[in-house]
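K.L.:
model the following, please.
(3 chains)
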Amino acid sequence: MRLALGGFLLLAVAAVSLSPVMVVIVGSFEDSGAWRSLLLESGQARSALGYSVLFAARAPFAALIGFLLAWLLIRVRIPGREFIEFMLWIAFFLPLIPVTLGWMLLLDSPTGLLNRWLAALPFIDGPVFDVSSVAGILWVHMTASSVPVMVILLGPAIRQMDASFEEAGRVCGSGTFEVFRRITLPLLLPAIVTGAILGFIRGLEAFEVEQLLGVKEKIYVYSTHVYALINWEPPRFSEAMAMSTLVLGGLLVIALFYQRYTFERGHATVTGSGMSLREIPLGRGRWVLAGLFFAMVFVTVIVPIAFLLLGTSMTLFGFFHIPEPFTTEHWSTVLDDPSFVPSIVNTLILGLGAAALGVFAYAVIAYAVVRTRIGFRPLTNFLAWLPWCVPGILLGVGMLSLVLFTPFLTPLYGSIFVLVIAIAVAQLPLGVNMMKTSVVQIAPELEHASRVCGAGWWRTFLRIDIPLMKPMLISIFVLVTIAGIRDVSTVLLLAQPSSLPLSVLMLEYANNGDVEPAAVVGVFTSILVIVVAIAARRFGLQIGNPR
Amino acid sequence: MKNRTILGDLGVLTAAGLIGAAALAATESRADAWSDMLAAGKKEGSVTVAGPSFPWVRNFIVKQFEADTGIKVNWKPLVGGPGPFTATLLREADADKITTDVYIGGTTSCFNFTRKKNVVANLKPILVNPDVTDQSKWRDGKYTVQTGTDDDRNNDDFWCFMQTADWVMGDLFVNTDKVPAGSISAWKDLLDPKYKGKIIAHDPRRPGAGQATAAYLYSVFGEDFVRQLYVGQDAALGTSYSKNPEAVATGQYEIGLAFVQAAVERYRKKGLPIARVFPKDGMGLRTGGFSGIAALNGPNPNARGVFVNWFISKKTQEKVQCLLLERSLRMDLDSYACIPEYTSPKEGVSYPVHDYDKGHHFGPKSKLRSRITAIFGK
Amino acid sequence: MSGNRAGDSVLCVRDLVKRYGDAVAVDGIGFEVQEAEIFSLLGHSGCGKSTTLRMVAGLEEPDAGSIELRGATVSDAARGIHVPAESRNVGLVFQSYAIWPHMTVFDNVAYPLTVRRRDRADIRRRVLEICEVVGMGAFVDRPSTALSGGQQQRVALARAMVYEPDILLLDEPFSNLDAKLREEMRLQLQQVQARFNTTIVYVTHDQTEALALSHRIAVMRDGAVEQIGAPEDIYGNPANFFVQSFVGRVIVLRGEVGEAGNVHLQAGPEAVLPGAGKEFSGRAVRVTVRPEDIFLPEPSAPGDAVWIEGRIAARSYGGDHMDYTVAVDGAEFGLRLDKNALFAPGSAIRLGFAAEAARLWPA
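P.N.:
Presented below is the predicted three-dimensional model:
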C-alpha cells in the first residue's frame, strides 16, 4: 500500500517535473553537433555561463544585506517600519520588465534623465550611468528583487529565533552589536546560507532584466542565450537543450549540497518558541535609520514606478527634448486594444489558478515527503527540485511535448489550463521546499491525536495540517499568484490566442520597440500585483508571519 | 449554301455563345465556391492566425475580418520572432494537432515548414474569391507564389506561400547631423577608418533584417567586404528593432545597417535626424517582408480559405500595406502614399537580389548562414 | 471470574515485537486488560512502554505478535492485519497533550464527534458534559492557545473520552505538570474512571503514580515485561531485583553466603542473616531492605534484628522530621527520622532490620 501510494506520488511528480527535463536532455542529443558546438566552439555559450555565474554570485551579498535589513526592521522600532516592510514586498512583487523600463528611463546612456541632468553640470563630461551594463543589471536585480526577497525569506528565521540565546549573550556582558556579530549571525547562518543558495539558483534563471539590458552590450546570460538560440532560424533547440542540460548538472550538484546542508543542520535555530523579542532601544538613532530606509524604499521602489508612469505618457520613450514629448495616445492604444480585457482575465485565471492548484499540490507533496512513510520519498523529494534547473522557455517546450503527446492531456491543449499547470510546475521547487519547513514544525502528536479520534489520513490532513500551515499556505499562494502574473518565458510557447496573458501582451508591444504601450500594460500588471500584495497583507501576511 | 452559311454563322455564334456561357459558368462556379466557402467558414466560426507582433495590425485584422465575414479571428502574435511559433507548430504537427490555420510573416521562417505537406495546405485551390482571382491586378500580371513540397520541390501546382508586398530593405541609414548628405556614395565608403566604431547593425546572426542585409552584401560584394565592414569596422551588433534606430537617431552611432521602416518612422516623424542613404553600387535588397501568407492544416479549413481570400483582397491590402509600411503587390490600389518613399522600388533601377528568391535563399544566403559563426563569431 | 479467557478482556496483547532497524524496542510482550481496570505500563524511558501503547493505538505497526480489542483482532503481524488508528475506537492522551492550537476548547473536544458525524445538538450536549466533568466547563470557548498546562491536560482528557472509546490510553499524561497539580489530576482521573467505568492503559515512569493509580501494573524493562501484578504484589512481592529496586525505595547491601546458608553482610560484623541463603551457598548476593523496615537501636527494637554499621553523610532539616543521607558499605541511601533523633554529620550510626524484611538476590 505504502509502496503503491509512494509510487503513485512519484509518478505524478515525475510526470510534471521529470518529463520536461527528459525532453530537454533527450533533445540535446537530437542534433549530434549540439554538444560539440556548445563545449568546444561556442564562445558566446561560455561567456553566457560566465556572466550567469557572475550575476548569480550577487546572491550571498544580497543575503547578507537582506539579513541586516530584516534584523534592523524586526529588532529596532523604526518609525514607519510597517510601510517599509510593505514596500519591500511590493519591490519584490513588481514585474521586472516595467521596473527595468523605469530604470532605463532614468539611467540609460546617453538619453537617461539622470545622465542629462548630470551632463548639465559644468564638470561632468558625457553620460555617467549606463544601465545597459554589468553594473546596471546588478543594480536592477539587487534593488528590484534580490535584496527584498532576502528580507522576506530571512524575516521568519529572525522572528522565530529563541530570544534566550541573545539574552544569554547579553548577560555574559556583550553589547548589542557584539551579540549580533557573535551570536545572532552565527546562529542564523544556516538560514542565510539557504537564502544565498536559493538566490543563486534563482539568479541563474533570471531572464527579463538581462534580455532588456544585456543584449545590446552583448552581455548574454544562460537564459537569454537559450532564448536567442530558440529564436534562431531554424531554432537551435539541441544546442539550447545541451546548454540547459549542462546547467542542470551544475544545479543538481548545488541542490544536492543544499539538501545535505539543510539535512545536517536541521532547523534548530528557527523552531524556537517564538517568544516576543526584545527590541533594541536606539533613541534618536532610529529616526536616522528610518530616514535611510525611506530613502532606500524611495530609490528602489518609488523611483522606478514613477518613471514607469512617466514613460507611459511620453511620445517617445526616453525622449524628453523633442517637441510635445507627452501624450495620452499610448493609454488609449492599450485601452482600446480588444485583447486587453481578455488578457487581464487570463492573467487572473493564470495567477490564481496556478496558486490554488499549486498550493494544494505542494502541501500534499511536502507532507508526503516529510511526514508519511510511503515509498520512494527521497526520489520524490529530489524530483520536486528539477523544474528549477530548467529555464522557463525550455520548461514550456517540455510541457508542450508532455501535453501534445499524452493522450488524456491532449484535449487540454490550447486551453489556459495548460498554462496554469506550467506555472504550478515552474514554482514546484519553491513551493514544496517552503511548505516542507512548515510541515516540519507541526508536532506529529497533533496528527496522531486526530487519527486516534477517528479521523482518517485525508481528514486529518484537511482539518489539522492545512489549518496549521495556513500562514505558509497564504505566503505560497501569494508567491505563486504573482509568479503567474509576472511570468513570460514559461507561458510563451504554450499561450494560445484564447489564453494570452498580460505578460505576453506586454511582450507583443515591447517586441517591436513599442515600449510606451508596453509600459502601460506593465502598469496594469503592477496594479494587479499590488492588489494581490494588499490582499495578502489583509490576511495578515508580514515578514516572518508569526503564528 | 446560304443555309450552310447561316448554319455556319449560327455555328460560330453558338460556339461563341457556348464559350461565353462556359466563361460565365466558370465565374459563377468560382462565385459559388466562394459563397460555399464563406458559409462553411461561418459555420466553423473562427480562424486562428499567426502573424507579426504588431498590435495595430492585429487590431485591424481582428476587427475588420469579423465585421466583413462574421468569422472571429484568434490572433497569435509571433512574439520574440517566428522561432517560438515554428517550434510549437512543428511539435503540433508531429502530434497531428495543428492549432493554427493561417500564417502571415516572412519567408525565411516559412522555408522551415511551408514545404512540409502535413503542415501547409495548397493555396492554389483556395483562391476562389472573384475579387482576387484576376491575376492581372497583380504586379507582372500574376501572383507571386512559392511552389513545391518537401517530397517534390518542382511541383508547380502546389502553392505553399504567397507574397503580397514588395519593397526595398532599409539596408543603410545615417544620422544626418553627423554624416552630411552625399558623403557616402558607394558601400566601400563605409570602410573609411573614421567610421570605425560608429556603425551599429542589426545582428546578422539572427534571422530577420540583420541577416537579410548581410546576405545581400555577401551576395553582391562577397565575404571579404562583409568581414571588413562588420568586423573590421568594429560594428556594434544589436537585436532590438527599436534600440538600433534610436542609437542612430540620437547620434550615439552615426551609421546604421538593416533597420525596419516601422521603427525608423517613429523617430523620423518626430524630426530626429535619421535618413536612408542609397549608395550607387547597391540600391538595396528587395524583399517581401512580413507580407507572406500560407495556409496551414489547422482545424478550420474553410474559415482559413475565407481569411486568405479576404487578406489579399483589394480592400484589405489597401489598409494592411499602410499598417505594415510594406508596398502591396496589388497594382489596383487607390493610393500608395502611406508607404515611406525610400522603401518603394525606384523606376529604372535594377535590384539584382531578392530576399524571397529561392535561388538567393538556398544560394548566397545559405552560404552566409553556414559561414556565419566563422565571420561574426558565436 | 474466569478472567483468563480472551473474550472477557478488553485488551489482549500477545508476543508483541517492534524493531527500529537493528534495535528491538519491544521484545515479545503480552498482557491482558480487564473491563474497568486501570492497567499501568511502568518502566524507565526507552523501555518500550510508549511504543507498546502506540501499537495498541494503531500508530505503530507491530513486527510480530497480535493485539485484540474487545475480542476483535486489530493487529496481527502474521496475518498482515493492521486496523488503522482511526478505526480502533480507542482514546489517547499524549504526553504533550497535542491540543490543536487552531481550534477552541470546544472544537478540540467536539472533533472526534464531528468525525463520527453525530448531530450538532448531541455534540454540544456531550462536549459540555465532559468538559464539566474534567473541570473545564467555564472555558469551552477559549482558544486553546490561551490554556495553562493543567487546563490543556484536562482538554486532552475530555477529547479522549468524549466518544466513549473502548479503551483509554494515557501516555505519561501528567509528567509535564508540577507535583501538586499532578496529585490533583491523578485524583480526578480516578474519579472519572470510577464514574464511567473506563478501561485505562496508563504509561508512566513514575512508580509512585503507578502504585497509587493502578489496579494492576506491568513493570517493563528493555522491551520485556518483568512482572505483572497488583500494586501490593509488585511492591511487597517483587519477582526480581530489578522490580524491587525500581518500585519503591530500597537499600541494597552486599553479602556473601557462608556454610549453613548464613548470609554475611559487608555492612558490619553483626550483620548476619542466619540460614537465609541456602540456595546461594558459597556465592555473593545482594540483600535488599525497604527503608520503612529500618529501625534504630532503641529499647523497642526486636532482639533478633540484623544490625548494620553506617555513617551520616549529610542531613537536612524538614520541620517535623530530619532527612539523613546514610553511607553504608560504600553506598548511600536516604533515611527519614523523627526530629528528636539527632545525629551529627560524620557520626557513626547503627541501623537494624528484621531478618524477614530482607530479600536475597544473586549478585
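
K.L.:
quick one: contacts for residue C:61?
P.N.:
Applying C-beta atoms under 8 Å, 6 or more residues apart in numbering or on different chains, we find residue C:61 in contact with C:55, C:75, C:77, C:82. From N, CA and C alone the C-beta is placed, and that goes for glycine too.

K.L.:
go with 7 Å
P.N.:
For residue C:61, the contacting residues are residue C:82, taking C-beta atoms under 7 Å, 6 or more residues apart in numbering or on different chains as the criterion.

K.L.:
for chain A, which helix is longest?
P.N.:
Here the longest helix in chain A is taken by residue count, with DSSP state H as the criterion, and it is helix A:340-371.

K.L.:
look at residue 179 and report its pLDDT.
P.N.:
Using chain A here. Listed pLDDT for residue A:179 reads 75.

K.L.:
hm, I was asking about chain C
P.N.:
Each residue has a pLDDT score; the one for residue C:179 is 84.

K.L.:
give me the neighbour count for the nearest residue to residue A:320 once chain neighbours are set aside.
P.N.:
Nearest residue to residue A:320 in three dimensions, chain neighbours excluded: residue A:113, at 6.6 Å (C-beta to C-beta, 6 or more residues apart in numbering or on different chains). Close neighbours of residue A:113, defined as other C-beta atoms under 10 Å in any protein chain shown, add up to 15.

K.L.:
roughly how far does residue A:113 sit from chain B?
P.N.:
14 Å (C-beta to the nearest C-beta, to the nearest Å).

K.L.:
hmm, that residue is touching residue A:103, no?
P.N.:
No: the pair residue A:113 and residue A:103 fails to qualify as a contact (C-beta atoms under 7 Å) at a distance of 10.7 Å.

K.L.:
quick one: contacts for the residue nearest to residue A:320?
P.N.:
Contact partners of residue A:113, counting by C-beta under 7 Å, 6+ apart, are A:105-106, A:320.

K.L.:
need the strands for the stretch 101-250 of chain C, in chain order.
P.N.:
With DSSP state E, counting those that start in this stretch applied, the stretch 101-250 of chain C shows strands at C:167-171, C:200-204, C:216-221, C:224-229, listed in chain order.

K.L.:
what's the closest of those strands to chain B?
P.N.:
Between chain B and these, the shortest separation by C-beta to the nearest C-beta is 58.0 Å, and it involves strand C:167-171.

K.L.:
for the stretch 251-400 of chain A, which residue gets nearest to chain C?
P.N.:
When C-beta to the nearest C-beta is the measure, the stretch 251-400 of chain A has its nearest residue to chain C at residue A:373, with 9.5 Å between them.

K.L.:
SS state for that residue?
P.N.:
Reduced to three states with DSSP: H, G, I helix; E, B strand; the rest coil, the structure at residue A:373 is coil.

K.L.:
and it, how many neighbours?
P.N.:
Residue A:373 sits with 10 neighbouring residues when counted by other C-beta under 10 Å.

K.L.:
chain B versus that one, what's the distance?
P.N.:
Applying C-beta to the nearest C-beta to residue A:373 and chain B gives a distance of 40 Å.

K.L.:
which non-adjacent residue is nearest residue A:289?
P.N.:
residue A:78 (5.2 Å).

K.L.:
can you name the next helix or strand after the longest helix of chain A?
P.N.:
helix A:377-383 (DSSP states H and E).

K.L.:
give me the residues contacting that next one.
P.N.:
A:6, A:9-10, A:13-14, A:17-18, A:365, A:368-369.

K.L.:
quick one: which of these is nearest chain C?
P.N.:
Nearest member of those to chain C, counting by C-beta to the nearest C-beta, is residue A:6, at 15.9 Å.

K.L.:
is that closest one in a helix, a strand, or coil?
P.N.:
Look at residue A:6: counting by three-state DSSP, its state is helix.

K.L.:
check residue 132 and give its pLDDT.
P.N.:
By default, I'm working from chain A. The confidence metric pLDDT takes the value 80 at residue A:132.

K.L.:
could you do chain B instead?
P.N.:
We note a pLDDT of 80 for residue B:132 in this prediction.

K.L.:
quick check: residue C:40 vs residue B:127, distance?
P.N.:
Going from residue C:40 to residue B:127 by C-beta to C-beta, to the nearest Å gives 95 Å.

K.L.:
err, residue A:253, not the other one
P.N.:
In this view, residue A:253 and residue B:127 are 59 Å apart by C-beta to C-beta.

K.L.:
how about residue A:499?
P.N.:
Using C-beta to C-beta, residue A:499 is found at 32 Å from residue B:127.

K.L.:
now do the contacts for the closest residue to residue A:464 other than its chain neighbours.
P.N.:
Nearest residue to residue A:464, sequence neighbours excluded (C-beta to C-beta, 6+ apart): residue A:450, at 4.9 Å. Neighbour list for residue A:450: A:460, A:463-464 [criterion: C-beta under 7 Å, 6+ apart].

K.L.:
buried by neighbour count, from the residues you listed: which ones?
P.N.:
A:460, A:463-464 (16 or more other C-beta atoms under 10 Å in any protein chain shown).

K.L.:
quick one on the thing from earlier: neighbours of the residue nearest to residue A:289, how many?
P.N.:
Using other C-beta under 10 Å as the criterion, residue A:78 is surrounded by 24 other residues.

K.L.:
any idea how far chain C is from it?
P.N.:
Relative to chain C, residue A:78 is positioned 29 Å away (criterion: C-beta to the nearest C-beta).

K.L.:
contacting residues for that residue?
P.N.:
If you count contacts by C-beta under 7 Å, 6+ apart, residue A:78 has them with A:72, A:286, A:289-290, A:293.

K.L.:
which ones are touching residue C:82?
P.N.:
Shown here is residue C:82, whose contacts under the criterion C-beta under 7 Å, 6+ apart are C:61, C:75.

K.L.:
from residue A:450, how far out is the residue in chain B that chain A sits nearest to?
P.N.:
Using C-beta to the nearest C-beta, the closest approach of chain B to chain A is made by residue B:242 at 2.0 Å. Residue B:242 is 61 Å from residue A:450, where distance means C-beta to C-beta.

K.L.:
which bits of the stretch 301-450 of chain A sit near chain C?
P.N.:
Counting by C-beta under 7 Å from any C-beta of the partner chain, the residues of the stretch 301-450 of chain A close to chain C are A:443, A:445-446, A:448-449.

K.L.:
could those residues go into TSV alongside secondary structure and neighbour count?
P.N.:
Formatted as TSV, the entries for these read as follows, by DSSP: H, G, I helix; E, B strand; the rest coil; neighbours: other C-beta atoms under 10 Å in any protein chain shown:
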residue	secondary structure	neighbour count
A:443	coil	14
A:445	helix	19
A:446	helix	20
A:448	helix	21
A:449	helix	29
